[in-house]
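A.B. asks: next come a sequence and a model predicted from it.
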Amino acid sequence: MSYNCKLKNKTILDFLFKKRFRVLILSALLAGWGVTQAQDPQFSQFYANPLFLNPALAGSIECGRVILNYRNQWPALSNAYVSYNASYDQYVPGIRSGIGVFAMSDRQGDGALVRNSIAAFYSYKLKVSEAVLISFGVQGTYFQARLDQDKLIYGDQIDPTTGEIYRDTDEPPVTNDNIGVVDFSAGVAMTHYDQWFLGVAVHHLTEPNMSFYNDPNNKLPMKFTVHGGVTINASQGMIGNDDEDDFILSPQILYMQQEKFNQLNFGLYLSKKPLVVGAWFRHNFSNPDAIVALIGLRFNNIRIGYSYDITVSQVGGSSGGAHEVSFAWDFCIYKQENRRRIRAIKSPSF
């Protein structure tokens, strides 16, 4: 995930960092949840978290898979943002469909704000031609958000001169510190052999209310995602023919928009079994955000990836960047001879 907000008062932030208080970083984001709109967490290893990226990627490989993801962003700032998720998805050949389940816990401000979710996925694979495969996916999600007010420190509690923290505040107490909502999302992905692919997803179609203050205008805004890439076999000098024993280049681009927040990610994967390396640049239009470096290993049916975000935004290097780890296990339930084969939707491993 990547939360990209401008810090209005760097002096106060530096003080809080040095004293290592258990303070909500960017407290206005959390304390004002009732009057501002929420933003989804984001992951740097997009394709190592396919169900989170696009519902159409459920069952996108010929086998089943279990995926675990962990991300710790800005660890030097009192565990500002930590996310965990686990998913399982499976292609069902008899109905040319994919199914999946997903669970995530997103902790902000050292646990002051915790948002948990569980989701179910269904996708249908349509073979348009020998070259083109399209997948249509839908997602149903239950969100549960919990606010621990004892961990909140509001701006009016901080003395701007000494940095001392007082317990009195003029902020009104929240109406409900534990909320739950249902949400729906949809997406489509298309691949042309293993040469190139393109995906589009729209999350939060129902724009559920996530306010702790019962504000009907505080909705989780729709998120639009467009992603795509090309596979280049550098060993054979051609597009496609993704042979793990060859040297493969895979340039990628991903664009996201949620309310007034826009983000463009572009980068390149280089792989030759069993090693994958990659580099991305993440830009938010108003300011550059981070450079992402990745290394991954693939052996048998196991994939392990690690990435580090080098922060170049106003938050700076003192935040500690971001660490992200992914683990995936691919396995087949159906024996090859008993399965109606369908070509996998080609996308990177990480």
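C.D. replies: Noted; the coordinates are in hand. As the structure is a computational prediction, the values presented were derived from the model and not from experiment. Residues are numbered from 1 along each chain as shown.
A.B. asks: contacts for stretch 86-99, please.
C.D. replies: If you take C-beta atoms under 8 Å, 6 or more residues apart in numbering as the criterion, stretch 86-99 is touched by 49-52, 57-69, 100-104, 120-127, 135, 137, 333-334, 339-342. C-beta here means a position set from N, CA and C on the backbone, and glycine is covered the same way.
A.B. asks: try it again at 6 Å.
C.D. replies: The contact list for stretch 86-99 (C-beta atoms under 6 Å, 6 or more residues apart in numbering) reads 51, 58-59, 62, 64, 66-68, 100-103, 122-125, 339-340.
A.B. asks: so where's the protein shaky on pLDDT?
C.D. replies: 1-38, 167, 315-317, 333-342 (pLDDT under 70).
A.B. asks: all helices of it, in order?
C.D. replies: 10-19, 27-31, 50-53 (DSSP state H).
A.B. asks: now residue 288: how far from residue 314?
C.D. replies: Distance of residue 288 to residue 314, computed by C-beta to C-beta, to the nearest Å: 10 Å.
A.B. asks: tell me the residues that contact both of those two, please.
C.D. replies: With C-beta under 6 Å, 6+ apart as the test, residue 288 and residue 314 reach no residue in common.
A.B. asks: and residue 191, how many neighbours?
C.D. replies: Using other C-beta atoms under 10 Å, the number of residues around residue 191 comes to 23.
A.B. asks: what does residue 51 give?
C.D. replies: Neighbourhood size, residue 51 [other C-beta under 10 Å]: 27.
A.B. asks: I'd say it and residue 102 touch.
C.D. replies: Yes - if you go by C-beta atoms under 6 Å, residue 51 and residue 102 touch, sitting 4.7 Å apart.
A.B. asks: the contacts of stretch 86-99, buried ones only, as a ChimeraX selection?
C.D. replies: Applying 16 or more other C-beta atoms under 10 Å to those, the buried members can be selected in ChimeraX as follows:
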select :51,58,59,62,64,67,68,100,102,122,123,124,125,339
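A.B. asks: so which of the contacts of stretch 86-99 are in strands?
C.D. replies: 64, 66-68, 100-103, 122-125 (DSSP state E).
A.B. asks: out of these, which comes closest to residue 180?
C.D. replies: Set against residue 180, the nearest of the ones in strands among the contacts of stretch 86-99 by C-beta to C-beta is residue 103 (14.6 Å).
A.B. asks: could you report the neighbour count for the residue nearest to the closest one when sequence neighbours are not counted?
C.D. replies: Here the nearest residue to residue 103 in space, its sequence neighbours aside, is residue 118; by C-beta to C-beta, 6 or more residues apart in numbering that works out to 4.9 Å. Residue 118: 13 surrounding residues under other C-beta under 10 Å.
A.B. asks: from what I can see residue 118 touches residue 144, true?
C.D. replies: No - Residue 118 is not in contact with residue 144 according to C-beta under 6 Å; the separation is 8.6 Å.
A.B. asks: can you pull up the bridge partners for the residue nearest to residue 103?
C.D. replies: Note on residue 118: beta-bridge partners by DSSP bridges are residue 103, residue 142.
A.B. asks: so it versus residue 105, what's the distance?
C.D. replies: Residue 118 sits 10 Å away from residue 105, taking C-beta to C-beta as the criterion.
A.B. asks: what is in contact with these two at once?
C.D. replies: Here residue 118 and residue 105 share no contacting residue, scored by C-beta under 6 Å, 6+ apart.
A.B. asks: quick one, strands of the stretch 101-250 of the chain?
C.D. replies: 113-127, 132-147, 178-192, 196-203, 223-230, 232-233, 238-239, 248-258 (DSSP state E, counting those that start in this stretch).
A.B. asks: any idea which of these gets closest to residue 319?
C.D. replies: Closest among those, using C-beta to C-beta: strand 113-127, at 18.1 Å.
A.B. asks: I'd like to know which elements the closest one is packed against.
C.D. replies: On a contact count with 3 or more C-beta pairs under 6 Å, 6 or more residues apart in numbering; DSSP states H and E, strand 113-127 meets strand 97-108, strand 132-147.
A.B. asks: need the ones you listed in JSON lines with distance to residue 231, can you?
C.D. replies: JSON lines is the format used below for the helices and strands packed on strand 113-127 (distance: least, C-beta to C-beta, whole Å):
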{"stretch": "strand 97-108", "distance to residue 231": "21"}
{"stretch": "strand 132-147", "distance to residue 231": "14"}
